[in-house]
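I need the structure of the sequence given here:
(chains A, B, C and D)
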Protein chains: 4
Amino acid sequence: MAKSKLNVAMIGYKFMGKAHSNAYRQVARMMHPAAEPVMKLLVGRTPDALQAAATEYGWEKIETDYHKAVRRKEINIVDVTTTNDVHKEVVLAALKAGKHVFCEKPLAMNLKDALKMAETAEAAGVKHMVNFNYRFCPAVALAKQLIDEGRIGRIFHWRGSYLQDWIIDPSFPLVWRLDKNVAGSGSHGDLNAHTIDLALWLVGDISEVNATMETFVKQRPKQAQTTGGLTAAAGEGMGEVTVDDAVISLVRFDNGAIGTFEASRFAAGHKNGLSFEINGDKGSLRFDFERMNELEYFNREDPAHAQGFRTILATESIHPYLQAWWPPGHVIGYEHGFTHSIYSFIEHIVNDTPASPDFWAGAKVNAVLDAMVKSSDTRKWIGVPVIAPAVPV
Amino acid sequence: MAKSKLNVAMIGYKFMGKAHSNAYRQVARMMHPAAEPVMKLLVGRTPDALQAAATEYGWEKIETDYHKAVRRKEINIVDVTTTNDVHKEVVLAALKAGKHVFCEKPLAMNLKDALKMAETAEAAGVKHMVNFNYRFCPAVALAKQLIDEGRIGRIFHWRGSYLQDWIIDPSFPLVWRLDKNVAGSGSHGDLNAHTIDLALWLVGDISEVNATMETFVKQRPKQAQTTGGLTAAAGEGMGEVTVDDAVISLVRFDNGAIGTFEASRFAAGHKNGLSFEINGDKGSLRFDFERMNELEYFNREDPAHAQGFRTILATESIHPYLQAWWPPGHVIGYEHGFTHSIYSFIEHIVNDTPASPDFWAGAKVNAVLDAMVKSSDTRKWIGVPVIAPAVPV
Amino acid sequence: MAKSKLNVAMIGYKFMGKAHSNAYRQVARMMHPAAEPVMKLLVGRTPDALQAAATEYGWEKIETDYHKAVRRKEINIVDVTTTNDVHKEVVLAALKAGKHVFCEKPLAMNLKDALKMAETAEAAGVKHMVNFNYRFCPAVALAKQLIDEGRIGRIFHWRGSYLQDWIIDPSFPLVWRLDKNVAGSGSHGDLNAHTIDLALWLVGDISEVNATMETFVKQRPKQAQTTGGLTAAAGEGMGEVTVDDAVISLVRFDNGAIGTFEASRFAAGHKNGLSFEINGDKGSLRFDFERMNELEYFNREDPAHAQGFRTILATESIHPYLQAWWPPGHVIGYEHGFTHSIYSFIEHIVNDTPASPDFWAGAKVNAVLDAMVKSSDTRKWIGVPVIAPAVPV
Amino acid sequence: MAKSKLNVAMIGYKFMGKAHSNAYRQVARMMHPAAEPVMKLLVGRTPDALQAAATEYGWEKIETDYHKAVRRKEINIVDVTTTNDVHKEVVLAALKAGKHVFCEKPLAMNLKDALKMAETAEAAGVKHMVNFNYRFCPAVALAKQLIDEGRIGRIFHWRGSYLQDWIIDPSFPLVWRLDKNVAGSGSHGDLNAHTIDLALWLVGDISEVNATMETFVKQRPKQAQTTGGLTAAAGEGMGEVTVDDAVISLVRFDNGAIGTFEASRFAAGHKNGLSFEINGDKGSLRFDFERMNELEYFNREDPAHAQGFRTILATESIHPYLQAWWPPGHVIGYEHGFTHSIYSFIEHIVNDTPASPDFWAGAKVNAVLDAMVKSSDTRKWIGVPVIAPAVPV
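Predicted coordinates:
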């Protein structure tokens, strides 16, 4: 029997477009999903670049008008990998067309937009998911499993940080990620969005936050330059950096835990250092993405003289998602998180079960992001509104 | 020529008393100080226990009245290792008697007391020092050296934490360290005091703080029990824990850097986890006391393809204080920091140079500690007052 | 202009077949090779299983007769991923048909066969390559680069080991890898082959070896069972394990360095622990595949007080092969080594340059493997014959 | 009641003399031994240097004739820290005088001498001990405990190495440790002696060995120079290095385990890198002295999805010897091993129980050392003779 197929239209084709394309290509071959995704349509504004990307990544056709793209009858899934400022309009158009939507994080530029998107998605009765890809890193999924098994117990502490170092040089140009109108924020939306999602998933809801943001380099050259896939608009002289270079925050969780967050692009030596630690009354967990195949676990119930943080190499076939890949110890990489995430979305579509993290989860992250910005602006503790779907899932 | 001698009277003989005694015993044998400290007089209130400690640690005599002790003519140095609430009165008495004073941290219960002590010490014209022993850990002193050599450059980030896990069990009794009247605070004064001092030394003055404190276990059994050298007063039933179990804080430094602090006794798996990281525009430094012989250093000026955090095993004879000890790779331990600290104090006395960290440095730590408490109480950012000696040193 | 294509026939479709298929699929999309490989023909003996694999991995057609397969006119590359005992006959058939040949390691069951294959390949004038995939791990390629740049200097020590733990349980069944007739040897050919190749590449030729082999569990159950992709033949009772469980060896290199090798499937906690260390008079290098994105480097020419092993996260675009993948810190996985290896093979075919590691390199590994077996049998040091192509390359 | 005392005469006062002196000074203060050692007599040949050392280390008197020293009536313990070539004569003299003897490792220059010393000691009815100080490192003692508890099970593999890098520079002078007449051997007796003792203690008796030794730098300058406490004799021109720079060895244990040893002074980046790993059918253990407070332990009986090497910070009061020192996480250093070793010797003297490791244990190490030398000379496997006390202990 032929496997059913799901036709995908993807909007955007830069870094995330490359990663999503890879995931669609890999998922059918490696993970036996319930339906096979077909890379049908790549959507963008610049025909030449778009066609080149489609050829390179393996998309069947291109389309420069996303409105047309999302309305095409044969399309089942719309995947949104555009810059953050365009998420909302594309997602709403896709939802209006009755498509399942898979959207890059952060879901929206602010909580209001995110709620609108979540509500619309809910009303549309389609599957909706935000690509918080780090949840689908096996070691992180194992952390969730150990917590759910009760091995950590009552949680006291969360310590999350996401550190990079790619804009330390003041001569690094004014790329779109440093422009508030396009990116919404700097390290905050780009990096904190990920750690906030993990905290909400692993620890629970955040009740209030206290943050401060900083821009260490306030002006940068406007010359055209492409660095690491980021193109700076041509220009002359210096321009204002309108986003944060770093943000630090204290938080309190509903369950009584306290936590810290840090996001920075000025932490020399950290390349993609998403890390967290959780301390509970039964044990602790530690994760650092730069060693993404490992989860550290301290068990207070081990024999007293033989306790210690153990490094679990999460590559056994019993570990989350690993059945699909290689024998134990044959580590996997960054892009596999995307493959697992898309696998999960496909399963939810085929089985008609609620996707997770859905747009409500995306809205929760936006709620915390907004509260942190407001806290930084007002220098006060800011409460985080409760986000709940109209119909609980 | 016989080496000159410095007679010491030490007040207090618990954990810190043991560590200081060891340092006095070791410093003359291993470090060739300019004068030899003589363990003359051990001072405490309970004669039997006091005599037992004196015999065990090697003190010549005992004295139950500290007023008499500090006034004894032959005494040159008064060393204060009592509970925090008694520091002030003993220190002031010693200063009045014209003695050099070496005091455990935190210097005082609050900034006001600390300033009084610093001013009095300054006026007395004696040497005064606070035992921030972690400054004297070779790897930490090496961090200071690398910063002073300009290898880190402009500092953007400080990330300091001091994590322990010894009171996670709710059945752990109500020891003096959990009683605000005696200890002043919990993890805050005990642990944060150390990391704050290191931040001030390594990064610079802190301008404002934003902290929150938490007591996870609010009541504990009052039964008498001795655990890890901490004796709980006899009692029945449950008593209130009046100090913080954990504190987290954001800070801003005068030089534009931002930072975080965390102190906790509820971080499972961390035993004496004083750690920090500093990120600058030329490099980064990382330290974790549980691997106290190591300093991690990232140099942005290494060849681009060969950059990485390097683990410096700070045990070479060219590393701070190591000349005194063993060949490379023969690691040293916790107590050596005390030996180096006391060595430094002796050198300053003999050479008549300003000791460091002196009581002003101690007062600076108290200023930050107080500001954090006030911030936690008021839920606001609190400015840290500028502390400067009357006569600049 | 349409990119030229290279049609591939692959013999074998188990673990290695899956990994090679993935590489063919990925290389064109991610690495911009000079020609595009086309997954034309999958070859095996069992039609149903073969077709299932072809469908799963994405091969266009199947063929059950490898003789026919390798003679097909449209085929440019024959890729051999069969069990070791079949390499020779398939490779020779492919060479006779004038195809480029890409063969799994170890090249042959013994040196004699390997030399025959190398000589035949040389005479055929085609490109030939052995898939020593670990050479193509970016951190390992970086090690080679640092050595070639002279950063390690004169080499004194090699320390190579490849540790796994999957057959510790005596109840693990008698799979083909434990049958000498099929596998040739146990941990030796499977694991040592990789570390020997790396030593030859990174340090230089080995002049003599002294090895001992051990089989800890001498009998295993014959019941049919599939574990980790390895199927044990059906049977009853216990059967003899005819291969080594572990092998340890001393070696001397031509350049005066000395070294050790260890391969084991009985090292609890090691999953795919290929590791090596090289010590020279200018520096040292360390690698452990379980952290495959990292290379540790000690530079004796760093400032004396700031020396230490640094952990290079080999994920920068300037690191070998990384241009093709993700931004810094976005780590890659096991399978990427295969993609890089096949990329390299394609480049050599298109550019008509000698592939590396070629069959001579494969023969060199067989020479060392054979010498180690002979050493273990005779309990003597055994010289390794010099392997050189008839026409030096 | 006054504690009984044990008067010590120590022969030798260089590096080991400093370490033993420190241990005598510390043991009474920190460890509550059953008797108090008194640093009575320091013995050496050069009066001025001897007196300076005695003053520095705290010995009551000096004596330049060791024959007289060991015969003094008040002396209870003779401690031998001389160069290796003098151990035998001093030890035999001390035994003849009926003293308890504590001797540095290696016990003797060869097995014959070691047996003579062990037999004489046995006949003398005194306590005899070799200072294999690494056994008394808490993490190593914990390894022994875990093995004895059955947590490792049947042992398959031993992997021991002791790596240093202090003589890589060819200009490093010809110190006594590079002179075979004085030192007996190079890295072999100095470093391998330690790892061999640990292997014998932790794994069991070694039945045969296969070793090869190498001297990378064969001539060195004879100029007088003192480096790291090692004084090179004055001279002109170059002299022959008559000892090994490095040695590597394969071994087979009586219990069926196989193992490797490596000792080198040419391993850049390793300062005092004594490390070992043990793999058994229930678990594994790893230790590296440069992180001496840590023991890594892999437990195959942990839940399958939560297995991993755990890092035990061996600083809890329940860990071996730690009761004497500081709270958890307050790490100790190299010299503490000596304090624990001497503590143990004192306890055995007072309680009249057999000391361990005694001279028979020392002889066992000499037996293995000798066998490895013979193996290197003959290029053959060499059996290790069984060493057993005349009267089993």
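
for residue A:330, give me phi and psi.
Backbone torsions for residue A:330, taken as degrees, to the nearest 10, come to phi -90, psi 90.

my bad, residue A:373
According to degrees, to the nearest 10, residue A:373 has phi -60, psi -40.

residue A:342 now?
Here residue A:342 shows phi and psi, under degrees, to the nearest 10, equal to phi -70, psi -40.

give me the distance between the spatially most central residue of chain A and residue A:274.
For chain A, the residue nearest the mean C-alpha position is residue A:132 (2.9 Å; CA atoms, centre = their mean). Counting by CB to CB, to the nearest Å, the gap from residue A:132 to residue A:274 is 11 Å. Just so you know, the C-beta spots here come from the backbone N, C-alpha and C atoms, and that holds for glycine as well.

could you name every residue contacting both of these two?
By CB atoms under 8 Å, 6 or more residues apart in numbering or on different chains, residue A:132 and residue A:274 have these common neighbours: residue A:194.

returning to what we had before: thought the residue nearest to the centre of chain A was touching residue A:105?
Yes: look at residue A:132 against residue A:105 with CB atoms under 8 Å: they come within range, at 5.6 Å.

list residues touching both of the two?
The contact sets of residue A:132 and residue A:105 overlap at A:193, A:194, A:197, A:362, A:365 (CB under 8 Å, 6+ apart).

in the residues you listed, find the pair that's most separated.
Greatest spatial distance among the shared contacts of residue A:132 and residue A:105 (CB to CB): A:194 and A:362, at 11.9 Å.

neighbour count winner among the two?
Ranked by neighbour count (other CB atoms under 10 Å in any protein chain shown), residue A:194 and residue A:362 place residue A:362 first, with 31 against 22.

related to what we said a few turns ago, show the pLDDT at the spatially closest residue to the residue nearest to the centre of chain A that is not a sequence neighbour.
Closest residue in space to residue A:132, ignoring its immediate chain neighbours: residue A:197 at 4.3 Å, by CB to CB, 6 or more residues apart in numbering or on different chains. At residue A:197 the predicted local confidence, pLDDT, stands at 98.

so how many other residues sit close to residue A:197?
Neighbourhood size, residue A:197 [other CB under 10 Å]: 23.

before we move on, back to that, between residue A:194 and residue A:362, which contacts overlap?
Residues touching both residue A:194 and residue A:362 by CB under 8 Å, 6+ apart: A:105, A:132.

now the helices for the stretch 51-200 of chain A?
A:66-71, A:87-96, A:111-124, A:138-148, A:180-183, A:187, A:193-202 (DSSP state H, counting those that start in this stretch).

so for residue D:20, which of those sits nearest?
Proximity to residue D:20 (CB to CB) singles out helix A:138-148 among the helices of the stretch 51-200 of chain A, at 47.6 Å.

which parts of the stretch 151-300 of chain A sit against chain D?
For the stretch 151-300 of chain A, the residues in contact with chain D (CB under 8 Å from any CB of the partner chain) are A:151, A:294, A:295, A:296, A:297, A:298, A:299.

which of the residues you listed has the most neighbours?
Counting neighbours by other CB under 10 Å, residue A:295 comes out on top of these with 28 neighbours.

just checking, it is part of a strand?
Yes: counting by DSSP: H, G, I helix; E, B strand; the rest coil, residue A:295 is found in a strand.

and the nearest residue to residue A:323 once chain neighbours are set aside, how far from residue C:165?
Spatially, and ignoring its direct neighbours in sequence, residue A:323 is nearest to residue A:317 (5.1 Å; CB to CB, 6+ apart). Going from residue A:317 to residue C:165 by CB to CB gives 14 Å.

and those two? Which one has more around it.
Higher neighbour count among residue A:317 and residue C:165: residue C:165, with 24 against 15, using other CB under 10 Å.

what comes up buried for stretch A:169-176?
A:172, A:173, A:174, A:175, A:176 (16 or more other CB atoms under 10 Å in any protein chain shown).

I'd like these laid out as JSON lines, including pLDDT.
Output for the buried residues of stretch A:169-176, formatted as JSON lines (pLDDT from 0 to 100):
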{"residue": "A:172", "pLDDT": "95"}
{"residue": "A:173", "pLDDT": "94"}
{"residue": "A:174", "pLDDT": "93"}
{"residue": "A:175", "pLDDT": "91"}
{"residue": "A:176", "pLDDT": "88"}
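
all helices of the stretch 201-350 of chain A, in order?
Under the criterion DSSP H, counting those that start in this stretch, helices of the stretch 201-350 of chain A are mapped to A:336-351.

residues of it that sit close to chain C?
By CB under 8 Å from any CB, the residues of the stretch 201-350 of chain A that approach chain C are A:228-229, A:270-273, A:289-293, A:313, A:315-317, A:325-336.

quick one, which of the residues you listed are buried?
Among these, those buried by neighbour count (16+ other CB under 10 Å) are A:270-273, A:289-293, A:313, A:315-316, A:325-336.

show me those that map onto strands.
A:273, A:313 (DSSP state E).

which of the buried ones among the residues of the stretch 201-350 of chain A next to chain C are close to chain B?
Answer for these near chain B (CB under 8 Å from any CB): residue A:270.

tell me the bridge partners for the closest residue to residue A:257 other than its chain neighbours.
Leaving aside its chain neighbours, residue A:257 sits nearest to residue A:155 (4.6 Å; criterion: CB to CB, 6+ apart). Applying DSSP bridges to residue A:155 yields these beta-bridge partners: residue A:280.

so which residue of the stretch 201-350 of chain A comes closest to chain D?
Taking CB to the nearest CB as the measure, the stretch 201-350 of chain A has residue A:310 as its residue closest to chain D, at 3.4 Å.

wait, isn't that residue in contact with residue A:286?
No: using CB under 8 Å, residue A:310 is not in contact with residue A:286, being 10.4 Å away.

the two: who's more crowded?
residue A:310 (26 against 19).

quick one, domains of chain A?
Domains of chain A are assigned by automatic domain parsing as A:5-134, A:138-291+A:293-332+A:355-378.

turn those into CSV, including distance to residue D:372.
Shown next, in CSV, are the domains of chain A (distance: least, CB to CB, whole Å):
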stretch, distance to residue D:372
domain A:5-134, 50
domain A:138-291+A:293-332+A:355-378, 33
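
quick one, which of those domains gets closest to residue B:348.
Closest to residue B:348 of the domains of chain A is domain A:138-291+A:293-332+A:355-378 (CB to CB; 34.8 Å).

below-threshold pLDDT in chain A: ranges please.
Scanning chain A for pLDDT under 70 picks out A:1-2, A:224-234, A:390-393.

can you give me the strands in the stretch 1-150 of chain A?
Using DSSP state E, counting those that start in this stretch, the strands found in the stretch 1-150 of chain A span residues A:5-11, A:36-43, A:61-63, A:77-80, A:100-103, A:128-130.

picking up where we left off before, and the residues of the stretch 151-300 of chain A next to chain D, which is closest to chain C?
Nearest member of those to chain C, counting by CB to the nearest CB, is residue A:294, at 8.1 Å.

bridge partners for the closest residue to the closest one other than its chain neighbours, pull those for me.
Computed as CB to CB, 6+ apart, the closest residue to residue A:294 that is not its neighbour in sequence is residue A:311, at 5.2 Å. Listed by DSSP bridges, the beta-bridge partners for residue A:311 are residue A:296, residue D:309.

looking at it, residue A:311 is touching residue A:293, isn't it?
No: the criterion here is CB under 8 Å, and residue A:311 misses it with residue A:293 at 9.8 Å.
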